[in-house]
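Student: dropping the sequence and predicted coords here.
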Amino acid sequence: MVLHVAILVFVISSFFPATENPHWFFRIPDFIRLQTIAIQSLLLLLLIVLENPFTTISWVLLAALIATLIYQIVKVFPYSSLYPRQKPDFPSDGMVSILAGNVLQDNKEFDLFKAEVNKFDPDLVLTMESDKTWEEGLSELEKTYPFTVKIPLDNYYGMHLYSKIELNNVEVNYHVEEDVPSIFFEFPLSNNQTVFFACLHPAPPSPTENETSKERDAELMVVGKKLRELDKPVVVCGDMNDVVWSRATRLFKKMTAMIDPRIGRGFFPTYHAGYWLMRFPLDHLFHTKDLFVKKMVRTENFGSDHFGMYYEIHHKTNKKPSTKGKLNGDEKEEVEEKIKEGKE
C-alpha cells in the first residue's frame, strides 16, 4: 500500500507544471525532474520485485509509472551529454568571455570568488546577490576591470558587473519588480560589431519569496519582447531561477529564436552547491544563432549556494543575427497574459 501511494504521488505530481498553475507548489516538480526520474526508476524496480501477485491495480500503476518516466526523460534528454549535437567550432571573427555567479549575499568568501576570476580571466564578471559588503570585498577586481555597473542591494537581488573595456549603452532596468534589477549593455566585439547583453536575476516562486512564478515569467516575456526588436547579436545570462525545460523558458527561447548551449553538453546543475543530490540547472546563458559558445565550464565552489558559470562566446564570421522567433496566435496571447499577470 505504501509503495502504491508513493507511485501515485510521483506520477501525479510530475504533471503539476503542465496545469500552468503559477503557484510555487505546482512549479517545484519542474525543478526536481532529474531527482524524480531517479526516484521513479527505483519505484519501478521495487514494484516489479516486491509486487506479488500482480493485480489489475499493479498493472495500471506499472503502466502509469513507465509512461511518466518516458514523459520526464523526453523533457530533459536534450540537455544531457548523450543528446547528439553539432560541434560548436565555426570560423570566428571575435570573442567575449563572461564569468557569472550568484555569490550569495550572506557568503563572505570573497577571496574564493576572486580566485575563480583570476583562474578564468574573463572579459566580463557578473555577480548576483552582491550587496555593499561584496562590492567592497571585490574592489580589488577594479584594477583589472575598471568599467563597472554597481547595484548594491541588501535584498538578495543586488548585481555588479565588471568589464575590462568600456561598455556601450548601459541600462539598469526594473521591468517587473521595483527592487529586482537587470542590466543591459553592449560589448564592443570589434570596431564595427557589438554584442547586446541582458543580465537577469528574477525572483523565484518559493515559500520564502514570491508565492507564484508570475513575476519571474513576466520578466522573461518583457525581455523577450525587447530582444525581438533588436537586429544584433544577443546574449542573455544570469540566475534565471528556472529550469530550461519549463514552459516559460521554452516560450522565451522560442520567441527570441535563441540557442541554449547546454543542449548536448550536459545539465550543468548550479544550485545547490552544497547538496549534490538536490542540484538543479538554474543559471543559464542563451544566445542568438550568429554566436556560438566554444567553452562552457562550471566553477569550483566559492562558498555560495550556487556554482558560477564561465562561457567563451564567439561570433560566427559573416553570420547575421535574428531574434524574432515564430509564435502562433495562442503563444503571442500567452506572452501578453504573462506580462499582465506579473505586473498586477
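Tutor: It's in.
Student: and stretch 301-314, how far apart are its ends?
Tutor: End-to-end span of stretch 301-314 (CA to CA, to the nearest Å): 26 Å.
Student: SS state for the spatially most central residue of the chain?
Tutor: A centroid search over the chain (CA atoms, centre = their mean) returns residue 284, at 3.3 Å, as the residue closest to the centre. Using DSSP: H, G, I helix; E, B strand; the rest coil, the structure places residue 284 in strand.
Student: could you find the closest non-adjacent residue to it?
Tutor: Leaving aside its chain neighbours, residue 284 sits nearest to residue 240 (5.0 Å; criterion: CB to CB, 6 or more residues apart in numbering). The way it works is simple: take the backbone N, C-alpha and C, and place the C-beta from them, glycine included.
Student: can I assume that neighbour is in contact with residue 202?
Tutor: Yes: under the criterion of CB atoms under 8 Å, residue 240 makes contact with residue 202 at 6.6 Å.
Student: mutual contacts of the two, please.
Tutor: Shared contacts of residue 240 and residue 202 (CB atoms under 8 Å, 6 or more residues apart in numbering): 216, 220.
Student: what's opposite the residue nearest to the centre of the chain in the beta bridge?
Tutor: On the basis of DSSP bridges, residue 284 is bridged to residue 238.
Student: tell me the helices in the stretch 151-300 of the chain, going along the chain?
Tutor: Ranges of helices in the stretch 151-300 of the chain, per DSSP state H, counting those that start in this stretch, are 214-227, 247-256.
Student: which one of those helices is the most hemmed in?
Tutor: For the helices of the stretch 151-300 of the chain, average neighbour numbers computed from mean count of other CB atoms under 10 Å are highest in helix 214-227, which has a mean of 24.
Student: nearest spatial neighbour of residue 71, chain-adjacent residues omitted?
Tutor: residue 14 (6.9 Å).
Student: just confirm the one you found contacts residue 68, I think it does.
Tutor: Yes: between residue 14 and residue 68 there is a contact at 5.1 Å, judged by CB under 8 Å.
Student: name the residues contacting each of the two.
Tutor: residue 40.
Student: for residue 339, give me the pLDDT.
Tutor: Here, the pLDDT recorded for residue 339 equals 94.
Student: from residue 202, how far off is it?
Tutor: As judged by CB to CB, to the nearest Å, residue 339 and residue 202 stand 13 Å apart.
Student: neighbour count for those two, which is higher?
Tutor: Of the pair residue 339 and residue 202, residue 202 is the one with more neighbours under other CB atoms under 10 Å, namely 27 against 21.
Student: that one contacts residue 173, correct?
Tutor: No: using CB under 8 Å, residue 202 makes no contact with residue 173, being 11.6 Å away.
Student: tell me what the longest helix anywhere in the chain is packed against?
Tutor: Ordering each helix of the chain by length in residues (DSSP state H) puts helix 56-76 first. If you count contacts as 3 or more CB pairs under 8 Å, 6 or more residues apart in numbering; DSSP states H and E, helix 56-76 packs onto helix 2-13, helix 33-50.
Student: I'd like those as CSV, with mean pLDDT, mean neighbour count and distance to residue 94 appended.
Tutor: What follows is these, written out as CSV (pLDDT from 0 to 100; neighbours: other CB atoms under 10 Å; distance: least, CB to CB, whole Å):
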stretch, mean pLDDT, mean neighbour count, distance to residue 94
helix 2-13, 93, 15, 46
helix 33-50, 94, 15, 35
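Student: how many residues are close by residue 28?
Tutor: Count around residue 28 with other CB under 10 Å applied: 15.
Student: doesn't it belong to a helix?
Tutor: Yes: counting by three-state DSSP, residue 28 falls inside a helix.
Student: now stretch 118-138, how far from the chain's geometric center?
Tutor: Here the centre of mass of C-alpha atoms in stretch 118-138, compared against the chain's by CA atoms, centre = their mean, to the nearest Å, lies 19 Å away.
Student: and the end-to-end length of it?
Tutor: 12 Å.
Student: what comes up buried for it?
Tutor: For stretch 118-138, the neighbour count (16 or more other CB atoms under 10 Å) marks 120, 122-131, 133-135, 137-138 as buried.
Student: which residues touch stretch 323-341?
Tutor: 22, 214, 217-218, 221-222, 224-225, 227-231, 234, 248, 251, 253-258, 288.
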